[in-house]
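S.K.: Curious how this folds, go ahead:
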Amino acid sequence: SRFRANEATQNVTFTVVLVAGDLSMFSEAPSLSRNGTLTLSVVAHRNGNATFRIILSDDGGVPNAFSRNTSLPALLTIVILPVNDPPSFALLANHTIQEHSAPYAESVPGFASDSMWRGRFTGPPDEATQGVTFHLEYHSGNATLFDS
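M.R.: Residues are numbered from 1 along each chain as shown. Just a heads-up that it's a prediction; the model follows:
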């Protein structure tokens, strides 16, 4: 305690323990420094809640009937909100066909492929149910080559 002169030199330590949730959401588990600064790092593309019990201890000696060296516990809930990650794709190299080649309509399987999300254009696993739509736009060249 900083209220008594004989306790002014005591060192304090926060203990942070997970009581509910998923610790794997964090690349660095939450911790509190001696001055009360909360530090944590989250894993990319993860979201959810985690609740921690926090106790503050000092090195004031052995507790007895008249003294304690630990605080009452406090709970901290950290909520990591999801964000909508952009869809992602890569294209094969430019596609070339011969003039007057048959058929005049062509289908190229795999021309657009997933470039980041292991087989999903939509994003990470928590976005797997989202739909995606490809929009093709004409930018340059001979526009008369295409019917639509």
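
S.K.: Let me know the secondary structure of residue 144.
M.R.: helix (DSSP: H, G, I helix; E, B strand; the rest coil).

S.K.: Now do the contacts for it.
M.R.: Neighbour list for residue 144: empty [criterion: Cβ atoms under 8 Å, 6 or more residues apart in numbering]. All C-beta spots, glycine's among them, are computed from the backbone N, C-alpha and C.

S.K.: Please identify the buried residues of stretch 80-89?
M.R.: Burial within stretch 80-89, assessed by neighbour count using 16 or more other Cβ atoms under 10 Å, is assigned to 80, 85, 87.

S.K.: Mind checking which of those residues are in helices?
M.R.: Nothing among those maps onto helices, per DSSP state H.

S.K.: Can you list the buried residues in stretch 26-37?
M.R.: In stretch 26-37, the ones that count as buried by 16+ other Cβ under 10 Å are 26, 30, 32.

S.K.: do stretch 125-138 as well
M.R.: In stretch 125-138, counting by 16+ other Cβ under 10 Å, buried: residue 127.

S.K.: Contact partners for the closest residue to residue 34 other than its chain neighbours?
M.R.: Nearest-residue entry for residue 34: residue 12, 5.8 Å, with adjacent residues in sequence omitted and distances by Cβ to Cβ, 6 or more residues apart in numbering. Residues in contact with residue 12 (Cβ under 8 Å, 6+ apart) are 34, 56, 57, 58.

S.K.: can you redo the residues you listed as TSV with pLDDT, distance to residue 143 and secondary structure?
M.R.: Output for the contacts of residue 12, formatted as TSV (pLDDT from 0 to 100; distance: Cβ to Cβ, whole Å; DSSP: H, G, I helix; E, B strand; the rest coil):
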residue	pLDDT	distance to residue 143	secondary structure
34	88	69	coil
56	89	71	strand
57	85	75	strand
58	81	78	strand
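
S.K.: So which of these is the closest to residue 71?
M.R.: residue 56 (4.1 Å; Cβ to Cβ).

S.K.: Fine by me, thanks again.
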